[in-house]
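# sequence plus predicted model, see below.
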Amino acid sequence: MQLAVIIASTRPGRQGPAVGKWAFEAAKKHAGFEVELVDLVEVGLPIFDEPHHPRMRQYQHEHTKKWSAIVERADAFVLVTPEYNFGPPPSLLNALDFLYVEWNYKPVAFVSYGGMSGGMRSVQIIKNTVTTLKMAPIYEAVNIPFFNQQIENGQFKPKPEQEKAATAMLDELVKWATAMKGMRGK
Ligand SMILES: Cc1cc2nc3c(=O)[nH]c(=O)nc-3n(C[C@H](O)[C@H](O)[C@H](O)COP(=O)(O)O)c2cc1C
């Protein structure tokens, strides 16, 4: 099974890749999935610019077709997200809105980071969107408060409890991904 670990933040000077690379390495070590690291900066989506509802899959733009292929081949997702103004970054909502069928009946887990909240408010808000896309957000998560205290030379240094939380999250994600595979048509 394929897992896409998606780095959601796209701003210049972002810290997301440090946390994202750690989540990617943790998922590879876990070995429940084939893992792909997806960086929304590299995907390069503009603000949503498709004329038709994504349900139709009548994509007009190459960037959408490329994004569609990335999401289509995944059986599960880990969204690595910051919190902006108590909510998700616009880059994440935008990337979700671009597609529909490609997200359907797939589980999603969250690695969030921020100040005191560890990005939890961002996760709670984006859950409303992912369930509308017929995704299953799973309970197990990694929330990282004051994450910047754990970044050294651009590398995220996890605490033991965060590594444990990542393992629990990935164990659960495997279960949901296995069960949900049967829900998807050809
Ligand atoms: C526009 C903006 C809004 C922010 N709002 C919050 C917030 O509501 N809660 C929080 O914990 N941190 C907030 N922060 C601080 C972020 O946690 C911190 O900048 C973090 O590095 C953002 O992730 P990124 O570097 O991957 O973009 C905000 C940062 C920005 C740029």
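Perfect, I can see it now.
# for the longest helix along the chain, packing partners?
Secondary structure of the chain per DSSP state H: the longest helix is helix 160-181. Contacts defined by 3 or more C-beta pairs under 8 Å, 6 or more residues apart in numbering; DSSP states H and E place helix 160-181 against helix 16-30, strand 76-81, strand 107-114, strand 142-145. In short, each C-beta sits where N, CA and C put it, glycine included.
# for Val130, find the nearest of these.
For Val130, the closest of the helices and strands packed on helix 160-181 is strand 107-114, at 5.4 Å, according to C-beta to C-beta.
# summarise which helices and strands the following helix or strand past that closest one is packed against.
As assigned by DSSP states H and E, the chain's next helix or strand after strand 107-114 is helix 120-132. The helices and strands touching helix 120-132, judged by 3+ C-beta pairs under 8 Å, 6+ apart, are strand 76-81, helix 90-97, strand 107-114, strand 136-137.
# quick one: contacts for the residue minimising distance to the centre of the chain?
For the chain, the residue nearest the mean C-alpha position is Leu79 (1.7 Å; C-alpha atoms, centre = their mean). For Leu79, the contacting residues are Ile6, Ala8, Leu92, Val108, Ala109, Phe110, Val111, Ile126, by C-beta atoms under 8 Å, 6 or more residues apart in numbering.
# next to the ligand, which bits of this structure? Give me the list.
Those residues of the chain that sit near the ligand, judged by C-beta under 6 Å from any ligand atom, are 9, 11, 14-16, 82-86, 114-115, 117.
# quick one: buried ones out of those residues?
Ser9, Arg14, Gln15, Gly16, Pro82, Glu83, Tyr84, Gly114, Ser117 (16 or more other C-beta atoms under 10 Å).
# identify the farthest-apart pair in these.
Across those (C-beta to C-beta), the longest gap, 17.8 Å, separates Arg14 and Ser117.
# can you report how many residues lie near Gly154?
Neighbour count of Gly154, defined by other C-beta atoms under 10 Å: 9.
# also Met1?
Met1 is flanked by 14 other residues according to other C-beta under 10 Å.
# the one 4 residues further on too?
Per other C-beta under 10 Å, the neighbour tally for Val5 reads 27.
# got it, and Arg121?
17.
# was I right to think it contacts Phe86?
Yes. Using C-beta atoms under 8 Å, Arg121 is in contact with Phe86, at 4.6 Å.
# dump the residues of the chain next to the ligand to a markdown table, plus pLDDT.
What follows is these, written out as a markdown table (pLDDT from 0 to 100):
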| residue | pLDDT |
| --- | --- |
| Ser9 | 98 |
| Arg11 | 98 |
| Arg14 | 98 |
| Gln15 | 97 |
| Gly16 | 98 |
| Pro82 | 98 |
| Glu83 | 98 |
| Tyr84 | 98 |
| Asn85 | 98 |
| Phe86 | 98 |
| Gly114 | 98 |
| Gly115 | 98 |
| Ser117 | 97 |
